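K.L.:
Provided below for reference: sequence and predicted model.
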Amino acid sequence: MAIYEEINKIKSFAFEEISKTTDLARLEGLRIKYLGRKGELTQVLRSLEKYSGKERKAVGALANESRVGLENEIGKRQKYLEEAEFAKILEQERVDVTASLEKIPLGHLHLTTSAIRQIVDIFKALGFYRVRYPEIDTDWYAFESLNMPKSHPARDEWETFFIDSANSNIVLTPHTTNGQVHEMEKGQLPIRMINIARCYRRQSDISHAPMFHQFDGLLIDKSASIGDLKGTLEYFVKQFFGPKRKVRLRPFHFRFTEPSFETDISCDICGGTGRLKNGQICRLCKEGWLELGGAGMVHPNVLRAGKVDPKKYSGFAFGWGVERVIMMKEGLNIPDIRILYENDLRFLEQF
Ligand code: DAH
């Protein structure tokens, strides 16, 4: 009788221990303790030889049944513990994708860069494509081909940096008009180019910097007119400055255009009247208009320099400063052009 009790005792003891185990290594220890080669239940099975006949069969059956029961119980517990462990790992390694992180400061484009992109986009809509030409160029492209022969007094206005010496043939481009004859030399007509690049002049005050940007537009076709020029400039002004701004062409003189114009836009402070609401004279423009930049119909000598026949083709052109148009934008109160290049974050972060 005692053997049956012993088996049942081992079994219930084992079941209890198994159900209390909380880690897999301990569970393996229990398996060895009860079912291993020297395990408690194994010992009982070994002692079967002491019995005979019916009793041996009955004890054997109980012991076997207990072994299978224990194995099952250990298997179940093992599965349970493995799942719990996996769940614990999942929980520990969980990444909360919605958690807010410390804010990483993000930069943005410089005011000049975004203005250049905007200018390119506006002219793209009219079929103009952006080109680039060297910022160190020969005297020919910067002056001579633009109807300004050597020693012509008009050159003085461009306050040019020469490479090496004053007699040198190589200059830092004082304007982006140097791109016009380069473009004509490609030999592909019609032309609708917008050349945007850095320019260099010996100058520095609140409205001039020694390095600045210009965009120079050139259209050459069979019948380009002053009306086309005005329409193009007006389109740009309305897109860039807003629909209320007006454009005025004022007669002027450039060697590379005939006729030539200065382009003015109506002042946004006084609405183009020159007077503030209280009757005082507008301090920004004084007379209702602000000067933007040059424009005109391409001079036949310039067309000839680019091997374009002035009898068959005509063209218009314009050249404005990028910084200048930024400074005249509504709401931007930039007191000194040079501030655009100081890279002072207190200024740049305001945009
Ligand atoms: N290059 C001139 C300047 O720097 C501006 C200019 C005037 C450009 C008339 C042009 C033009 O293309 O047609 O002052």
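P.N.:
Now that the structure is in, tell me what you want to look at.
K.L.:
dump the residue contacts of the closest residue to residue 19 other than its chain neighbours.
P.N.:
Residue nearest to residue 19 in three dimensions, not counting chain neighbours: residue 77, with 7.0 Å by CB to CB, 6 or more residues apart in numbering. Using the backbone N, CA and C atoms, a C-beta is placed for each residue, glycine as well. Contacts for residue 77 were tallied using CB atoms under 8 Å, 6 or more residues apart in numbering; they are 18-19, 21, 27.
K.L.:
hey, what's residue 249 bridged with?
P.N.:
Under DSSP bridges, the beta-bridge partners of residue 249 are residue 263.
K.L.:
OK, contacts around it?
P.N.:
226, 229-230, 233, 261-264, 295.
K.L.:
out of the residues you listed, who's near the ligand?
P.N.:
Among those, the ones lying near the ligand by CB under 6 Å from any ligand atom are residue 295.
K.L.:
can I have the buried ones of the contacts of residue 249 as a ChimeraX selection?
P.N.:
Buried residues within the contacts of residue 249, by 16 or more other CB atoms under 10 Å, are selected in ChimeraX with:
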select :229,230,233,261,262,263,264,295
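K.L.:
residue 13 versus the residue lying closest to residue 23 once chain neighbours are set aside, what's the distance?
P.N.:
Computed as CB to CB, 6+ apart, the closest residue to residue 23 that is not its neighbour in sequence is residue 81, at 6.8 Å. Applying CB to CB, to the nearest Å, the value for residue 81 to residue 13 is 20 Å.
K.L.:
which of those two has more neighbours?
P.N.:
residue 81 (17 against 13; other CB atoms under 10 Å).
K.L.:
ok now the one helix or strand that one maps to, how far from the chain's centre?
P.N.:
Secondary structure assignment for residue 81, by DSSP states H and E: helix 53-92. Counting by CA atoms, centre = their mean, to the nearest Å, helix 53-92 is centred 62 Å from the centre of its parent chain.
K.L.:
buried residues in that helix?
P.N.:
In helix 53-92, the ones that count as buried by 16+ other CB under 10 Å are 59, 62-63, 66-67, 70, 73-74, 77-78, 81.
K.L.:
can you check stretch 161-174 too?
P.N.:
Neighbour counts over stretch 161-174 (16+ other CB under 10 Å) mark 161, 171-174 as buried.
K.L.:
for residue 341, grab the count of nearby residues.
P.N.:
Neighbours around residue 341, by other CB under 10 Å: 14.
K.L.:
so it sits against residue 211, correct?
P.N.:
Yes: using CB atoms under 8 Å, residue 341 makes contact with residue 211 at a distance of 7.4 Å.
K.L.:
could you break this protein into its assigned domains?
P.N.:
2-90, 111-348 (automatic domain parsing).
K.L.:
next one: whatever residue of the stretch 1-150 of the chain ends up closest to the ligand from residue 116, what distance?
P.N.:
As assessed by CB to the nearest ligand atom, the ligand sits closest to residue 146 within the stretch 1-150 of the chain, at 8.0 Å. Residue 146 sits 23 Å away from residue 116, going by CB to CB.
K.L.:
more neighbours, these two?
P.N.:
Remark: of residue 146 and residue 116, residue 146 carries more neighbours, 26 against 19, as counted by other CB under 10 Å.
K.L.:
and the closest residue to residue 309 other than its chain neighbours, how many neighbours?
P.N.:
The shortest distance from residue 309 to any non-neighbouring residue, by CB to CB, 6+ apart, is to residue 303 (7.3 Å). A total of 21 residues lie near residue 303 under the criterion other CB under 10 Å.
K.L.:
which residues touch residue 303?
P.N.:
With CB under 8 Å, 6+ apart, residue 303 has these contacts: 184, 220, 309-310, 313-315.
K.L.:
for the helix-or-strand element of the chain with minimal mean pLDDT, packing partners?
P.N.:
Least confident helix or strand of the chain, by mean pLDDT, DSSP states H and E, is helix 40-46 with a mean of 83. Helices and strands touching helix 40-46, by 3 or more CB pairs under 8 Å, 6 or more residues apart in numbering; DSSP states H and E, are helix 2-20, helix 24-35, helix 53-92.
K.L.:
just the residues contacting that helix, thanks.
P.N.:
With CB under 8 Å, 6+ apart, helix 40-46 has contacts from 3, 6-7, 10-11, 14, 33-36, 59-60, 63-64, 66-67, 70.
K.L.:
count the neighbours of the residue of the stretch 51-200 of the chain found nearest the ligand for me.
P.N.:
Proximity to the ligand, evaluated over the stretch 51-200 of the chain using CB to the nearest ligand atom, is greatest for residue 175 at 3.4 Å. The local packing of residue 175 (other CB under 10 Å) involves 23 other residues.
K.L.:
and residue 245, by the same measure?
P.N.:
20.
K.L.:
just use 129 as the starting number from now, easier for me
P.N.:
Okay, residue one is now 129; in that scheme the one you just asked about reads as residue 373.
K.L.:
so which strand or helix has it?
P.N.:
Following DSSP H and E, one finds residue 373 outside all helices and strands.
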